[in-house]
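> A predicted structure for the sequence below; I have some questions about it.
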Amino acid sequence: MQSHSTDRPDRQITLISRFVRLILQSNLLWFCLAWLLIILLWELGSYMEWLNPQILPPPSETIPYAFSGNISIGFGQQRTGLFEATAITLARVGIGMLAGLLVSSCLAVMVIELPLLRRLVLPIVQSLAPIAPVAWIPFTIAVIGIGGQAAVFIVFMAVLGTMSLSLIAALDGIPAEYLKIARNLGTSRMRMWWHVRLPAITPGAMTAIRMSFFGAWMAVLAGEMAGINSGLGYMIIMAQQMYNMKLVMIGILAIGFIGFAIDRLLLLANARLLQWVQ
Amino acid sequence: MGTVNSMNDIATHSVGARLEFSNIRKSFGNTVSVEADNLTIEPGSLTVLLGRSGCGKTTLLNLAAGLDFPDHGSVSYDNQILQGPAPATALIFQTHNLFPWMTAEENVAFPLRNQGMAKSDAQEHARQYLKQVGLESFSGHKPSQLSGGMRQRIALARTIATKPRLLLLDEPFSALDMQTRRMMQRYLLSVWNDSAATILMITHDLHEALMLADRIALMASSPRGHIAEIMDIELTRPRNPEDPAFRAIQQQLDRFLEHETLLAEHDPTLESTDQQK
Ligand SMILES: Nc1ncnc2c1ncn2[C@@H]1O[C@H](COP(=O)(O)OP(=O)(O)O)[C@@H](O)[C@H]1O
Ligand SMILES: [Mg+2]
């Protein structure tokens, strides 16, 4: 049963086939395969001259360029590198979203604690939420200018409405039983927020953060392309103006890849935080 | 000696609470939902509210818990009119009793921590209470990893940890299968025997009511929710469903409930609504 059976050839075959099946089921494998296919088609397209290499340079040039380590564009003060630009954009998204989360949490707490305030705050938040994040760009550039603060403000405005609404909805959606039981168990106001309401809304809040990340990511890049003078979006526009199409492609791929990676990270954080959800 | 080692230690040395509903009227919107003219619940007694869904049982329980207030009349707790959450009162519902983000042990320790008990002491106590319901080996489990019956047992353990004087139960065993429900009924009776707590319990299960109650308040929903009849159940304990006296009361109550259902069927406004909120 135990030691001899592993030597039997049919057992080995089932082991191998199980291993193969496991690999075929891995999402990573298919992710890599899909990209390999895109790169091959792209290379083939350039080689067969279906694509203009001036506009869409082939991967055999683009990829080594991406990893050459000293990608930069512009001169003097305007000079910006890929990694520097990416870091700037990510920092803006991070700070803007953190500020948005902070302010919307305060709003949500006030709305729950002070029922009178709900009537005043809710209509404001409800009218902010449907405004497309990019719609804040012209206003922001006009009022704040084209510096880093403007980009952070765009992110902040992009996430404030939806985050507040999601948090309030999550708080309103807590099963009444939890609150009733907690109240009769003598839970203080602080402990109610910290040990009951906060964990109860964590699933909703995490989803809200993931959703608003997309809005924030789009808005900050659009802002950087529309006038803000640094960051990943700015680098792409610069590259386009200087006709460095390799860098334009790299920038676009970086946007996709980073957005995807962060979304996956948030999903992973979700799963770790929310093991208690049935 | 240690802290809580036997069931006897659960026993509150204070007596159960006395509860009195007088001339209650509670409305939601324009329609009166429930009325209760006069219902007195004696200290240490076990009273069951029995009636079909929508007749206002949960509403009355919320009033007793001091979580909601009547539009007219009053609820007194030990002869004082309730104006906030009822003191020394524990609640158990059909579902959502345990906080799913806490382990079994954390759930039981939670009210002790509320009272300012040190963390390690609270954990120690929690484990002892879990032991009393036979679930000490599940102390590190989250509710989602436990069966419905286990969750209700843990809820009961947490309840006794707070040494309540009043226990309010809203269809606590309705979601359980028959065997588990019988077991939980025995658990509840032993908790009740070992403590002096007053129990007010809601059920729509006639058999359950007869197995447990000192008194049954029969509720009817026509023309509005109200207490139709109060019956003292003077069957000896432990109760035996085979006992002819048990059967006789069961049949009598059955007829009442049947009549109530017939009335409701002819009243289109009384579509049974069992929504929570
Ligand atoms: N918060 C509420 N808002 C509006 N109507 C309610 C509310 N709570 C209960 N009701 C109504 O009051 C009646 C009694 O409800 P409830 O006490 O939950 O009945 P039961 O527990 O006996 O099923 C029902 O008709 C229900 O629709
Ligand atoms: Mg009910």
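Received it, and whenever you're ready, just let me know what you need. Since the structure is predicted, the reported quantities are computational estimates derived from the model, not experimental observations. Residues are numbered from 1 along each chain as shown, chains lettered A, B, ... in the order given. Ligands and ions are numbered 1, 2, ... in the order given.

> Please report the distance of A:Arg119 from A:Val111.
Distance of A:Arg119 to A:Val111, computed by C-beta to C-beta, to the nearest Å: 9 Å. From N, CA and C alone the C-beta is placed, and that goes for glycine too.

> What are the boundaries of the strands in chain A?
Ranges of strands in chain A, per DSSP state E, are A:72-73, A:80-81.

> Kindly report the same for the stretch 101-250 of chain B.
Remark: strands assigned in the stretch 101-250 of chain B by DSSP state E, counting those that start in this stretch are B:166-170, B:198-203, B:215-220, B:225-232.

> what does the model give A:Leu265 for pLDDT?
For A:Leu265, the model assigns a pLDDT of 91.

> And for B:Asn8?
If you check B:Asn8, the pLDDT there is 43.

> What of B:Gln276?
41.

> can you list the strands of the stretch 101-250 of chain B in a markdown table and add mean pLDDT and mean neighbour count?
Formatted as a markdown table, the strands of the stretch 101-250 of chain B follow (pLDDT from 0 to 100; neighbours: other C-beta atoms under 10 Å in any protein chain shown):
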| stretch | mean pLDDT | mean neighbour count |
| --- | --- | --- |
| strand B:166-170 | 96 | 26 |
| strand B:198-203 | 96 | 24 |
| strand B:215-220 | 94 | 22 |
| strand B:225-232 | 92 | 17 |
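
> Residue 163: how many residues sit nearby?
Picking chain A for this. 29 (other C-beta atoms under 10 Å in any protein chain shown).

> Chain B, not that one
Using other C-beta under 10 Å: B:Lys163 sits among 18 other residues.

> Can you spell out the domain ranges of chain A, please?
Following automatic domain parsing, chain A resolves into domains at A:2-51, A:73-273.

> Which residue is it, in the stretch 1-150 of chain A, that comes closest to ligand 1?
Minimum separation of the stretch 1-150 of chain A from ligand 1 (C-beta to the nearest ligand atom) falls at A:Pro115, amounting to 15.1 Å.

> Name the next helix or strand downstream of whichever strand or helix holds B:Ser27, please.
Element membership of B:Ser27, judged by DSSP states H and E, is strand B:19-28. Per DSSP H and E, strand B:19-28 leads on to strand B:31-41 as the next helix or strand towards the C-terminus.

> so what's the closest residue to B:Asp243 other than its chain neighbours up against?
Leaving out its chain neighbours, the residue that sits closest to B:Asp243 by C-beta to C-beta, 6 or more residues apart in numbering or on different chains is B:Leu235, at 7.0 Å. B:Leu235 is in contact with B:210, B:243, B:245-246, B:249, counting by C-beta atoms under 8 Å, 6 or more residues apart in numbering or on different chains.

> for the stretch 151-278 of chain A, what spans make up the helices?
A:176-184, A:189-191, A:198-225, A:232-241, A:245-273 (DSSP state H, counting those that start in this stretch).

> Which positions within the second one qualify as buried?
Neighbour-count burial for helix A:189-191, with 16 or more other C-beta atoms under 10 Å in any protein chain shown as criterion, is recorded at A:Arg191.

> do the first one as well
By neighbour count with 16+ other C-beta under 10 Å, helix A:176-184 contains the buried residues A:177-184.

> Most proximal residue of the stretch 1-150 of chain A with respect to chain B?
At 15.3 Å from chain B, A:Pro115 is the closest residue in the stretch 1-150 of chain A, using C-beta to the nearest C-beta.

> Any idea what the residue nearest to B:Ile41 when sequence neighbours are not counted is bridged to?
What sits nearest to B:Ile41 in space, not counting adjacent residues and going by C-beta to C-beta, 6+ apart, is B:Leu19, at 4.1 Å. Beta-bridge partners recorded for B:Leu19 (DSSP bridges): B:Ile41, B:Tyr77.

> thought B:Leu19 was touching B:Val75?
Yes. Using C-beta atoms under 8 Å, B:Leu19 is in contact with B:Val75, at 7.0 Å.

> Give me the more crowded residue out of A:Arg119 and A:Val111.
In terms of neighbours (other C-beta under 10 Å), A:Val111 is the more surrounded of A:Arg119 and A:Val111; the figures are 22 against 10.

> Tell me the residues of the stretch 1-150 of chain B that contact chain A?
Applying C-beta under 8 Å from any C-beta of the partner chain, one finds that the stretch 1-150 of chain B approaches chain A through B:62, B:65, B:67, B:85-86, B:89-91, B:93, B:95-97, B:99-102, B:110-111, B:113-115, B:142-144.

> Narrow those residues to those that are buried.
Buried among the residues of the stretch 1-150 of chain B next to chain A by 16+ other C-beta under 10 Å: B:62, B:65, B:67, B:86, B:89-91, B:93, B:96-97, B:99-102, B:110-111, B:113-114, B:142-143.

> Just the residues you listed: which are in helices?
Under the assignment DSSP state H, those contribute B:62, B:65, B:110-111, B:113-114 to helices.

> sorry, back to before: nearest to B:Thr47, of the domains of chain A?
Comparison of the domains of chain A against B:Thr47 by C-beta to C-beta identifies domain A:73-273 as nearest, at 18.3 Å.

> My read is that B:Leu67 contacts A:Arg183, right?
Yes. Between B:Leu67 and A:Arg183 there is a contact under C-beta under 8 Å: 6.7 Å.
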